[in-house]
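Asker: Sequence plus the predicted model coming up.
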Amino acid sequence: MAVTIDRTTSSRHTPPPAARLSLSPAPGGLDGMWWPRSRALTRELPSLTAALGDRWGRITGVTVHPAYWPVLPHWVSDAGRTVQVDSSTEEQDPHRLTLFSADGRRDVLVIPPETGADAAAQLMAGDGIDVPARGQAADRIDARNREEAWEADGGAGRPSSLPRPIGSAGPSPAGRRR
């Protein structure tokens, strides 16, 4: 039996794609916007922290709201360094990541990974959209994706909403249940 060895393949891992970022400071305390490719923090955070480390200093910690991240690791690795990952449902806006470095704290708006390229580019560019409107746009995208998933999974009617972002108009769903 003849054996053929393909030397065109490599045993090395391909580097993750570069983080999709816009680091234009915006009103409302935003230091930029990030458009991840998925909701897998262990896959997405290393490229984000590496990209931001060059600009903001080594990222040592990240805080997320758990609403849109199905798996919450306690840490991720960035070039052999550990970045601590925390979550908070009370202090963290669901559409933001808070990053910590020696230079301080930075807040980044997360554009949902399911967002189309044109809409994400418009949000990242700002194009006259204020911070609350960006958060509301992200909230609408997430709500639409939750409803589509609900219907695809055989649900009946509209699914319950997740908590509204901090500063958004209207009562939160949790407040209505009381």
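Answerer: Perfect, I can see it now.
Asker: I'd like to know which helix or strand in this structure has the lowest mean pLDDT.
Answerer: Within the chain, confidence by mean pLDDT, DSSP states H and E is lowest for helix 173-176 among all helices and strands, at a mean of 44.
Asker: show me where the chain has helices.
Answerer: Assigned by DSSP state H, the chain shows helices spanning 41-56, 117-125, 131-152, 173-176.
Asker: got the end-to-end distance for stretch 61-75?
Answerer: Distance between the two ends of stretch 61-75: 8 Å, counting by Cα to Cα, to the nearest Å.
Asker: and it, which residues are buried?
Answerer: Buried residues in stretch 61-75, counting neighbours by 16 or more other Cβ atoms under 10 Å, are found at 61-65, 68-69. To be clear about C-beta, it is placed using only N, CA and C from the backbone, and glycine gets the same treatment.
Asker: Stretch 16-28 too?
Answerer: For stretch 16-28, the neighbour count (16+ other Cβ under 10 Å) marks 19-23, 26 as buried.
Asker: got JSON lines for those, with pLDDT and distance to L48 too?
Answerer: Listed next are those as JSON lines, based on pLDDT from 0 to 100; distance: Cβ to Cβ, whole Å:
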{"residue": "A19", "pLDDT": "91", "distance to L48": "4"}
{"residue": "R20", "pLDDT": "93", "distance to L48": "9"}
{"residue": "L21", "pLDDT": "93", "distance to L48": "7"}
{"residue": "S22", "pLDDT": "91", "distance to L48": "12"}
{"residue": "L23", "pLDDT": "89", "distance to L48": "11"}
{"residue": "A26", "pLDDT": "75", "distance to L48": "18"}
